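Q: quick one, structure for this:
(one chain, ligands or ions: 2)
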Amino acid sequence: MAGLADIVACESSICSIENSELRYRGYSIDDLAQNATFEEIIYLLWYGRLPNRLELKALKQDLAENAVLPKKIYELLHLYAPWGNAMAKLRTCLSFLTHFDDEVMDHSFAADHRKAVRIMARIAAIVAAIDRIRKGLEPIELKTIRPTSLAEMFLWLLTGEKPAPIAAKALDTCFVLHAEHELNASTFAARVTVSTMSDIYSGIVSAIGTLKGPLHGNANEQVARMLEEIGELSRVEEYIAQKIANGERIMGFGHRVYKNGDPRAKYLQALSGELAEWRDDRRWYELSLKIEKLVYEQKGLKPNVDFYSASVYTYLEIPRDLFTLMFAISRTSGWLAHILEQHENNRIIRPRAEYSGKTEVKWKGISER
Ligand SMILES: CC(=O)SCCNC(=O)CCNC(=O)[C@H](O)C(C)(C)COP(=O)(O)OP(=O)(O)OC[C@H]1O[C@@H](n2cnc3c(N)ncnc32)[C@H](O)[C@@H]1OP(=O)(O)O
Ligand SMILES: O=C([O-])CC(=O)C(=O)O
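A: Ligands and ions are numbered 1, 2, ... in the order given. Got it, this is the predicted structure:
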């Protein structure tokens, strides 16, 4: 089956998608989008249940204490600051972090969970450092700020200023919505990697490399490029008609599993509208609404999670080439949940291929070829 469509490749108790209903550990995404914080989601994904007040406080403290980066990461980022793709930098930094973790090859339950906290805590700080260092700015020191959530911490580390509550809350909701999605391509890559009993860092590096593609996580950046290219409402019709006539894909639309709409999209659309009012700039929101209407009318396709996240991140003034890194920060929680689950009951993932090449070919000496 091309692209392994509809093939069940493992058993998992983390996330379900049935009849277009998305659930994390049994909780509907509708419930979670309206009530949960990202830290509660991390706990839910890793431990299978919601934390009580004390457990949540302990996790938040643990994340805050582990977010400090090794100095060498900053040196690495200075080394290649002027060049390169931001997502590739994140992939390199995660790989580099391996060298600062004494428990890399300890796959026990307790060590795996300690590493999960370290990775989750650091990834947001790395993304902020990537941006500041390439702009010639000093990274913000964690001890100088007092964030109350990972989302707030990220925005504060990125800009050097305490974010507005509406911005921190919007990013937190984005993190809730992007955290987990069953056996999407990047999660599958992470599970395959650690099924060889390779280490957690290698699993996350594989996942980041997989999320980087425009058919998966990078679609959000491509949507933002499309919004900018279109520029104004009067150009949407012509632009979309041209894309369709050329047989090109419209980024942020379509989905392997949801054929009748992604249940996360309406929350991102609402956030985009809310932020448009807050910024007093409805352009990106209105462009998105019109694209959505035309693509549905002409192709029958509905937006996926990447479509409205592009205008949301634009309103949050996050640099466009960091959009996929935003996805990575959040999805790290889901990747880690799957890695922990894979290690708990491991069997190497090694499917078969149906051979479609030549058979029984006879060897020819080099002078006969
Ligand atoms: C977080 C995420 O990863 S969400 C997905 C992010 N990716 C994107 O937004 C990129 C655009 N979307 C796509 O490329 C696809 O819809 C995917 C990759 C998400 C899903 O791919 P698949 O399940 O393999 O669907 P497939 O590629 O077979 O498409 C089925 C049909 O719909 C069409 N189609 C699917 N998505 C789109 C799109 N965005 N624009 C135009 N046509 C599309 C295909 O051309 C194909 O038509 P055909 O049968 O006439 O050839
Ligand atoms: O499940 C998928 O194929 C892609 C997706 O929506 C996600 O990873 O959130």
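Q: now the strands for the protein?
A: When assigned using DSSP state E, the strands of the chain occupy the ranges 15-18, 21-24, 27-28.
Q: redo these as JSON lines? Include distance to residue 260, mean neighbour count and mean pLDDT.
A: From N, CA and C alone the C-beta is placed, and that goes for glycine too. Formatted as JSON lines, the strands of the chain follow (distance: least, Cβ to Cβ, whole Å; neighbours: other Cβ atoms under 10 Å; pLDDT from 0 to 100):
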{"stretch": "strand 15-18", "distance to residue 260": "12", "mean neighbour count": "15", "mean pLDDT": "97"}
{"stretch": "strand 21-24", "distance to residue 260": "11", "mean neighbour count": "20", "mean pLDDT": "98"}
{"stretch": "strand 27-28", "distance to residue 260": "17", "mean neighbour count": "15", "mean pLDDT": "98"}
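Q: reformat the ones you listed as JSON lines; add distance to residue 34.
A: Shown next, in JSON lines, are these (distance: least, Cβ to Cβ, whole Å):
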{"stretch": "strand 15-18", "distance to residue 34": "18"}
{"stretch": "strand 21-24", "distance to residue 34": "14"}
{"stretch": "strand 27-28", "distance to residue 34": "10"}
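Q: dump the ones you listed to a markdown table, plus distance to ligand 1.
A: A markdown table is the format used below for those (distance: least, Cβ to the nearest ligand atom, whole Å):
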| stretch | distance to ligand 1 |
| --- | --- |
| strand 15-18 | 12 |
| strand 21-24 | 12 |
| strand 27-28 | 19 |
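Q: which of those sits closest to residue 205?
A: Nearest to residue 205 among the strands of the chain is strand 15-18 (21.8 Å), distances taken as Cβ to Cβ.
Q: the longest helix in this structure is where?
A: If you go by DSSP state H, the chain has its longest helix at helix 109-134.
Q: and it, what does it pack against?
A: Other helices and strands packing on helix 109-134, by 3 or more Cβ pairs under 8 Å, 6 or more residues apart in numbering; DSSP states H and E, are helix 38-47, helix 53-66, helix 71-79, helix 86-97, helix 150-159, helix 200-211, helix 323-344.
Q: which one of these lies closest to ligand 1?
A: helix 323-344 (7.1 Å; Cβ to the nearest ligand atom).
Q: for ligand 1, give me its nearest residue in the stretch 201-350 of the chain.
A: Nearest residue of the stretch 201-350 of the chain to ligand 1, counting by Cβ to the nearest ligand atom: residue 254, 2.4 Å away.
Q: which residue packs closest to the one residue in the stretch 1-150 of the chain that gets nearest to ligand 1, ignoring adjacent ones?
A: Here the residue of the stretch 1-150 of the chain nearest ligand 1 is residue 3; by Cβ to the nearest ligand atom that distance is 5.1 Å. Among residues not flanking residue 3 along the chain, residue 256 sits closest, at 7.3 Å (Cβ to Cβ, 6 or more residues apart in numbering).
Q: quick one: low-confidence residue ranges for the stretch 1-150 of the chain.
A: Counting by pLDDT under 70, the stretch 1-150 of the chain contains no low-confidence segment.
Q: get me the contact residues on it for ligand 1.
A: Applying Cβ under 6 Å from any ligand atom, one finds that the stretch 1-150 of the chain approaches ligand 1 through residue 3.
Q: now the helices for the stretch 251-369 of the chain?
A: With DSSP state H, counting those that start in this stretch applied, the stretch 251-369 of the chain shows helices at 265-279, 283-299, 305-315, 323-344, listed in chain order.
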